[in-house]
Structures are given as C-alpha cells and as structure tokens.
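> sequence-free structure coming up:
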C-alpha cells in the first residue's frame with residue numbers, strides 16, 4: 001500500500017446545504033459547526049445550510065464555511081475510520097483546513113483567522129478593479145510569457161492557480177485579464193473564461209491583504225504539524241510554525257502551485273488522495289494530473305460510509 005494524503009478544497013467549491021447531512025447525523029460534526037458559530041458570533045451554519053447563495057459567496061463567509069464543512073466531514077470520518085494520512089494539503093483557503101487536520105492550528109483559531117483573511121482580501125482591491133480568468137489548454141511557460149508581456153505594458157496580470165495540465169487561472173487588473181482573454185488564442189489556449197469572483201486573488205494586487213494578515217498570523221497560536229503539510233507557495237512540505245506563518249502570508253499574493261504539489265506528493269509515494277469537504281473539485285484535478293492514483297471525495301455521510309466498503313473491498 002502506498003501513502004495517503006488528505007486534501008482540502010478552497011473557494012469555488014462551496015454550495016448551499018454543504019455539511020448539513022453530517023451536522024444532523026453526527027455529534028462530532030455538529031460540535032464543529034456549533035464551535036464555528038460561537039467563535040464568529042453569528043450563525044455561519046445557517047449560511048452554509050440555507051444560503052442564500054449570494055450570502056455564502058461573500059468571501060468572508062465562504063472561507064470559514066468551507067473550512068468548517070471540511071473539518072466537520074473529517075471529524076465524522078475519523079470517528080468511523082482509523083485511517084491516518086502521511087501528508088496533508090489544501091488548495092488556497094484549503095491549506096488552513098490541512099493545517100487544522102495536521103494539528104498545527106486549533107479549529108476555532110483557524111475559523112476566526114480565515115474570516116479575517118476573507119475580509120482583508122475583500123477590502124484589498126476596490127470592486128471592479130480586479131478580475132480572474134481560467135485559461136484552458138495553454139502551456140504554462142507560454143502563458144507566463146504572455147502575462148509578463150501584458151504586465152510590462154502596465155496592466156498587471158499573473159498566474160494565480162496552476163491547477164492541472166491545461167487549466168491555469170490568471171489574476172490581476174481588469175485590463176490585464178481582458179488582454180489575456182483577447183490574446184489567449186495566440187498561445188494556443190482553447191478557451192479563456194472570466195470567473196465570477198470579487199477580487200484578483202493570488203496576485204500581487206493582494207499584497208495589502210497579506211500585510212494585514214501577517215499581523216493576525218503573528219498572534220495566532222501554532223504548533224508543529226503532526227504530519228507534513230504541502231504549502232501552496234513552494235509545493236513542498238512544511239511542519240514548523242515559523243515557516244508555516246511566513247508561507248501563509250505569502251500565499252495570499254502568490255501562485256497556488258496545486259499541480260506541482262500533487263506531483264510532489266506522488267513522487268513521495270502517495271497513491272491515495274482523500275478529499276474532505278464540499279464538491280469533488282480536487283479529486284477531478286488530481287485525476288487530470290495522474291490517472292493512476294486513487295481518489296475519494298468525502299462530501300457526504302454516504303461517502304463516509306461507502307469509503308469503508310471500497311477500502312475493505314480493495315484490501316481483500
């Protein structure tokens with residue numbers, strides 16, 4: 001048996017109703033949602049379970065809601081299965097879920113921190129100034145050159161999320177992203193789709209948010225991670241609090257190296273990825289990076305129960 005990585009999704013994976021089934025059926029998951037509501041001083045669980053979608057999509061609600069949902073599924077899973085990961089990783093906001101799973105950050109502290117992170121990101125760039133777009137079918141190097149050329153003309157645009165081969169998200173000024181949409185065909189992009197987001201996440205325009213987050217992270221109690229957590233910024237494992245803090249600050253304005261992170265994990269012998277939280281986004285990306293690995297999406301009570309059957313069947 002190869003090694004196992006627990007992985008956690010980021011913004012974009014949210015959906016109204018997420019986590020409600022485990023909240024109702026599992027005491028350990030209910031405790032997580034109740035703890036989040038208490039830590040924040042408002043009913044985050046109501047927003048996650050009932051919406052409306054417009055409210056759930058506000059960055060400072062989305063981030064704590066996704067973190068809470070991921071950890072609620074993780075706790076229900078842990079109560080039913082004795083499966084320990086060799087590594088943990090998360091996509092953008094999901095890196096905080098991974099750090100909670102690895103015991104580096106306490107859950108309530110993480111919820112408050114990502115709520116603040118969401119607020120800082122929301123406030124960093126006035127509405128209508130920034131944008132993001134998904135570029136499909138382009139080579140990374142060619143897209144990097146195009147972004148550098150556009151940025152040198154004064155319209156900032158950068159690689160934000162390197163998700164999997166042929167799927168890269170760019171982020172920056174409205175003009176910069178518009179130029180990539182217009183010129184994507186030049187570098188062989190099949191399609192360039194503007195994303196519905198409230199800001200230019202993971203671009204240098206987010207530096208004001210990084211600076212404010214640095215103050216919060218400096219005060220955040222943190223322990224060494226019990227298992228290595230792969231950082232988005234470096235696509236390498238970290239465990240020590242000092243380095244974790246530094247990379248979380250950088251992460252806000254840097255590229256999310258998801259493809260590189262998954263490739264690094266596979267190179268360490270990981271052949272099973274278990275995704276905790278809403279949707280199946282990461283399982284889909286991981287399969288596009290390497291079809292041979294096993295992926296499980298723990299996004300419902302049914303999936304938790306089914307996991308037992310699948311792993312029992314595969315170990316016969």
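Ah, there it is. Small disclaimer: the values here were computed from a predicted structure and weren't measured. Numbering: from 1, shown residues only.

> ok, residue 148 to residue 170 distance?
12 Å (C-beta to C-beta, to the nearest Å). C-beta coordinates here come from the backbone N, C-alpha and C atoms, glycine included.

> how about the strands in the stretch 1-150 of the chain?
3-8, 87-90, 130-136 (DSSP state E, counting those that start in this stretch).

> need the winner for burial among those strands.
Across these, averaging neighbours per residue (mean count of other C-beta atoms under 10 Å) puts strand 87-90 on top, at a mean of 29.

> pLDDT weak spots in the stretch 201-316 of the chain?
308-316 (pLDDT under 70).

> need the longest helix for this protein.
helix 59-80 (DSSP state H).

> which of the residues in it are buried?
59-77 (16 or more other C-beta atoms under 10 Å).

> and stretch 7-19, by the same measure?
7, 8, 9, 10, 11, 12, 13, 14, 16, 18, 19.

> now do the longest helix of the chain, average pLDDT.
What helix 59-80 shows for mean pLDDT is 97.

> more neighbours, residue 148 and residue 170?
residue 170 (32 against 12; other C-beta atoms under 10 Å).

> hang on, the more buried one in a strand?
Yes. According to DSSP: H, G, I helix; E, B strand; the rest coil, residue 170 belongs to a strand.

> pull the contacting residues for it.
132, 133, 135, 143, 147, 157, 158, 159, 160, 176, 177, 180 (C-beta atoms under 8 Å, 6 or more residues apart in numbering).

> beta partners of it?
As for beta bridges, residue 170 partners with residue 133, residue 159 under DSSP bridges.

> quick one: the helices in the stretch 101-250 of the chain?
107-124, 140-152, 174-183, 207-219, 241-251 (DSSP state H, counting those that start in this stretch).

> between strand 130-136 and the third one, find me the angle.
Using axes from the mean of the first three to the mean of the last three C-alpha atoms, to 10 degrees, the direction of helix 174-183 lies 20 degrees away from that of strand 130-136.

> tell me the mean pLDDT for helix 174-183?
pLDDT averaged over helix 174-183 gives 97.

> which residues sit against that helix?
128-133, 135, 143, 146-147, 150-151, 155-157, 170-171, 192, 194, 200.

> hmm, which of those are the buried ones?
Members of the contacts of helix 174-183 classed as buried by 16+ other C-beta under 10 Å are 130-133, 135, 143, 146-147, 150-151, 155-157, 170-171, 192, 200.

> the helices of the stretch 101-250 of the chain into JSON lines, with extra columns for distance to residue 39?
As requested, those are exported to JSON lines (distance: least, C-beta to C-beta, whole Å):
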{"stretch": "helix 107-124", "distance to residue 39": "4"}
{"stretch": "helix 140-152", "distance to residue 39": "38"}
{"stretch": "helix 174-183", "distance to residue 39": "35"}
{"stretch": "helix 207-219", "distance to residue 39": "14"}
{"stretch": "helix 241-251", "distance to residue 39": "18"}
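
> pick the most deeply packed of those helices.
Comparing those by mean count of other C-beta under 10 Å gives helix 107-124 as most buried, with a mean of 21.

> any idea how far it is from the chain center?
Averaged C-alpha coordinates place helix 107-124 at 14 Å from its chain's average position (C-alpha atoms, centre = their mean, to the nearest Å).

> who touches it?
By C-beta under 8 Å, 6+ apart, helix 107-124 touches 32, 35-36, 38-40, 44, 58-64, 67-68, 71, 93, 96-97, 99-100, 105, 198-199, 201, 205-209, 212-213, 216-217, 220-221, 252.

> wait, residue 96 sits on residue 68?
No. With contact defined as C-beta atoms under 8 Å, residue 96 does not count as touching residue 68 (10.8 Å).

> quick check, nearest of the contacts of residue 170 to residue 188?
Closest approach between the contacts of residue 170 and residue 188, by C-beta to C-beta: residue 143, at 9.2 Å.

> got a list of what that closest one touches?
Here residue 143 is in contact with 135, 159, 168, 170, 180, 187, 189 (C-beta under 8 Å, 6+ apart).

> separation between it and residue 232?
18 Å.

> alright, that wraps it up for me.
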